[in-house]
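Peer 1: Okay, sequence plus prediction incoming.
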Amino acid sequence: MNNVLFQQARQAYNANDYVSALEGFTQCLQGANNGEELAAGELGLLYHQIGNCLMKLHDYDEAIHAYTQATTDNAYDGIGAVNCNLGNSYAALHDYEDAVKHFEIAVSDKKYATPYKAYSGMGKAYLKLGKSAEAGSAFRSAALDEANPNPAQALLNLGICFMALNRPNDAVASYESALQFSMNNATKNKLYANLGQAYTSCGQMQKAVDAFERALADKTYFLNDAASVDYQRAVGAVAQGTQVMEPVKPGETAGITGAMDDLSGLDVPADGTPAYDANAAYDQNPYYYQEQYPGQDQYQNPDDRFFNASEEEIEQWSKGVAKQDRKRRNVGLKIVIALIVILLALAAAGGFAYYKGYGYPTQESVVQSLFADKEAAASNEFSSSLDQSSIQNMLDPVVEDASVSIDGIDRSMNQSTVYATATTDQGGSVQYKITLVRDGIGWQISNVELYFPSQN
């Protein structure tokens with residue numbers, strides 16, 4: 001392999017010049033196809049790097065193709081990372097079933113040095129499939145991976161899964177474990193808010209108040225509606241001398257039985273704007289997988305946003321898969337209504353045009369076809385109510401002229417009259433009056449006669 005060209009491509013990749021990097025890696029591959037010798041595993045390496053570039057360029061289908069080619073090189077020792085990237089690619093295309101399959105292949109590779117990445121991706125894919133128990137198992141494995149530089153994130157996600165499974169005691173254990181690790185203040189505040197809600201669900205009201213107040217202490221954090229309800233409930237219980245009470249039953253918030261509790265702890269930043277905006281642009285939306293990949297290193301970078309994404313992504317799901325489905329159905333309903341309105345408008349416009357004598361083919365095109373080729377017109381342009389003898393009598397005085405001039409048209413819904421002037425081979429002109437009748441949405445000729453304006 002051309003190592004100079006390969007290193008230049010890697011430098012371009014590290015400089016975020018993914019187009020140049022893709023060209024460089026592709027040239028290395030083309031050189032191998034032209035006879036340059038490749039060492040064992042280098043074919044897989046090149047396809048791996050090409051896939052990385054394609055992911056950066058948001059071309060997920062081609063990335064899948066490249067990564068799949070990489071997996072065919074049995075000598076390449078990065079197959080675990082390649083399958084993890086394949087999982088990322090399928091997730092970017094919202095194919096979560098195939099994403100899970102490749103994440104599972106990745107974690108089964110004993111040579112794969114960072115299985116926590118695949119476990120984290122697997123957890124998120126399972127959540128998208130509505131499988132919170134399987135997601136929790138994956139996040140637990142990610143947290144236990146000694147190579148994971150940020151187990152707090154996995155533990156936080158695990159806690160959210162426990163809350164979705166109505167296991168608040170386990171969620172408390174997960175959140176408390178996450179607090180043992182370092183994290184920035186914003187993440188810690190959100191974690192304390194989650195913990196406060198978990199304590200409330202367990203009936204540990206004093207602990208819940210303490211957790212919520214820790215979340216609010218630096219005045220940069222605002223509780224969401226569900227967290228605010230839990231906070232006020234916990235404060236009220238403590239004020240009445242009740243530090244421990246019966247755990248909250250599933251689906252009950254503030255005395256409203258049957259409601260879907262928002263146990264996520266998602267809040268808004270200090271400027272008061274929502275931390276998650278479903279209407280945000282793709283590169284601003286933290287929920288959908290496809291928006292997590294562009295601009296992020298999916299491979300060996302521990303700062304990858306996909307694997308270290310904030311809990312808002314998982315929290316949005318924990319509000320309820322049903323709620324997301326309702327939103328999607330509402331969007332679909334709006335689209336259907338808009339299409340119906342458009343179709344009605346088009347139908348109305350079409351009806352008006354039909355009433356005014358418009359159609360397709362138009363009167364002009366039918367008459368032009370008549371003068372361009374009389375023989376063809378005899379078969380195609382005349383009304384079916386006419387016999388061949390009548391048609392031939394009408395055609396006898398017609399002068400063939402491919403550039404016949406249309407002098408005027410009188411249109412009505414069912415019958416139209418066209419006035420035309422044809423030029424003879426000798427340079428003279430002959431005027432005609434052509435009557436047409438409606439044929440579906442188009443027109444057919446019912447009569448052709450010579451026209452003498454002076455007599456009319």
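Peer 2: That came through fine.

Peer 1: where exactly do the strands run in the protein?
Peer 2: Along the chain, counting by DSSP state E, strands occupy 252-253, 256-257, 405-410, 415-423, 429-439, 442-450.

Peer 1: can I get the ones you listed in a markdown table with mean pLDDT, mean neighbour count and distance to S365?
Peer 2: All C-beta atoms are positioned from the backbone trio N, CA, C, and that covers glycine. Converted to a markdown table, the strands of the chain look like this (pLDDT from 0 to 100; neighbours: other Cβ atoms under 10 Å; distance: least, Cβ to Cβ, whole Å):
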| stretch | mean pLDDT | mean neighbour count | distance to S365 |
| --- | --- | --- | --- |
| strand 252-253 | 43 | 17 | 68 |
| strand 256-257 | 34 | 10 | 67 |
| strand 405-410 | 89 | 13 | 10 |
| strand 415-423 | 91 | 19 | 11 |
| strand 429-439 | 90 | 18 | 11 |
| strand 442-450 | 90 | 19 | 9 |
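
Peer 1: Let's have these in TSV, adding distance to N150.
Peer 2: Listed next are the strands of the chain as TSV, based on distance: least, Cβ to Cβ, whole Å:
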stretch	distance to N150
strand 252-253	31
strand 256-257	37
strand 405-410	76
strand 415-423	76
strand 429-439	73
strand 442-450	69
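
Peer 1: Tell me which of the ones you listed sits nearest to R214.
Peer 2: Nearest to R214 among the strands of the chain is strand 252-253 (21.8 Å), distances taken as Cβ to Cβ.

Peer 1: Show me the shaky parts of this protein.
Peer 2: For the chain, the stretches flagged by pLDDT under 70 are 242-334, 453-456.

Peer 1: I figured Y18 hits G51, correct?
Peer 2: No. Using Cβ atoms under 8 Å, Y18 is not in contact with G51; the gap is 11.6 Å.

Peer 1: Same drill for those two, tell me which one is more crowded.
Peer 2: G51 (30 against 18; other Cβ atoms under 10 Å).

Peer 1: Now that one: closest residue in space, sequence neighbours ignored.
Peer 2: What sits nearest to G51 in space, not counting adjacent residues and going by Cβ to Cβ, 6 or more residues apart in numbering, is A66, at 3.7 Å.

Peer 1: got the contact list for that neighbour?
Peer 2: Residues in contact with A66, defined by Cβ atoms under 8 Å, 6 or more residues apart in numbering, are Y47, H48, I50, G51, L54.

Peer 1: swap in L344?
Peer 2: Neighbour list for L344: empty [criterion: Cβ under 8 Å, 6+ apart].

Peer 1: What separation do you get for it and G350?
Peer 2: Distance, L344 to G350, using Cβ to Cβ, to the nearest Å: 11 Å.

Peer 1: before we move on, what about D410?
Peer 2: According to Cβ to Cβ, D410 and G350 sit 21 Å apart.

Peer 1: about what we covered before: tell me which of the strands of the chain sits nearest to K131.
Peer 2: Closest among the strands of the chain, using Cβ to Cβ: strand 252-253, at 24.5 Å.

Peer 1: Noted, bye for now.
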